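# show me how the following folds:
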Amino acid sequence: MLLCPGPAILCDVDLVAIIAVIATATVGLSGAGVSLYGIHRTARTARETQVRQRRADAYLEVLRLMEANAHWVTASAANLEMNSDKEWSKYFEGAYDRKVPEAPALGSEAVMRAHVAAFGSADAKVAFKAWQAAMLPIDEFFANLGFIVIESNNGAPPDSEQIKPLLDALPVEEQARAAFAEAAAKDLEE
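Presented below is the predicted three-dimensional model:
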């Protein structure tokens, strides 16, 4: 029994019951705090996982488009090199078997730039810019191909000397593409 304030009146309060109520409340509040912390941590982990998955998907799409572009460029370069001695008009009329994959879609580089800008790490952005720089001579060659054929060669296919800048640019593009793939892999490992 406890003494109650006032004129020496004994209170009928059980000390164990008071301690049990206080302990139960403390454990309950602690459990609620731990539960809230766990929920917050799970939500944060889910957000991080979602961002990581979107980043991986973006990198895969960029690499897929780069590979498709490289496949088209390489096949086109091989055909130009093989057919440089054939009559150009017959080449375009289909008289010669040319197995060139479909050219990349016009917006594919814009898609790549958007993915890298949105999800790329600093290293991936630098590697992508290096790849774009490596693609410039290739793009310029194909942009000028009609001029080479019609104006410079009077309809004849480009000769091996005219194709040389394209062939020289291919290994540079391949190295830049590999560097981007490494930067993307490094970013996803972290």
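# isn't Ala103 right up against Trp72?
Yes: under the criterion of Cβ atoms under 8 Å, Ala103 makes contact with Trp72 at 5.5 Å. The C-beta positions use only the backbone N, C-alpha and C, and glycine is treated the same way.
# who has more neighbours out of these two?
Trp72 (16 against 13; other Cβ atoms under 10 Å).
# state the mean pLDDT of the helix or strand where the more buried one lies.
Taking DSSP states H and E as the definition, one finds Trp72 inside helix 15-82. Mean pLDDT, computed over helix 15-82, is 81.
# residue contacts, the residue most central in space within the chain?
When Cα atoms, centre = their mean is applied to the chain, the residue found nearest the centroid is Tyr59 (1.8 Å). By Cβ atoms under 8 Å, 6 or more residues apart in numbering, the contact set of Tyr59 is His115, Phe119, Gly120, Ala124, Ala184, Asp187, Leu188.
# filter the residues you listed to the buried ones?
Buried by 16 or more other Cβ atoms under 10 Å: His115, Phe119, Gly120, Ala124, Ala184, Asp187, out of the contacts of Tyr59.
# which non-adjacent residue is nearest the third one?
Distances taken as Cβ to Cβ, 6 or more residues apart in numbering put Phe128 closest to Gly120, at 6.5 Å, once the chain neighbours are dropped.
# okay, that neighbour and Lys164: tell me how far apart.
Using Cβ to Cβ, to the nearest Å, we find Phe128 at a distance of 27 Å from Lys164.
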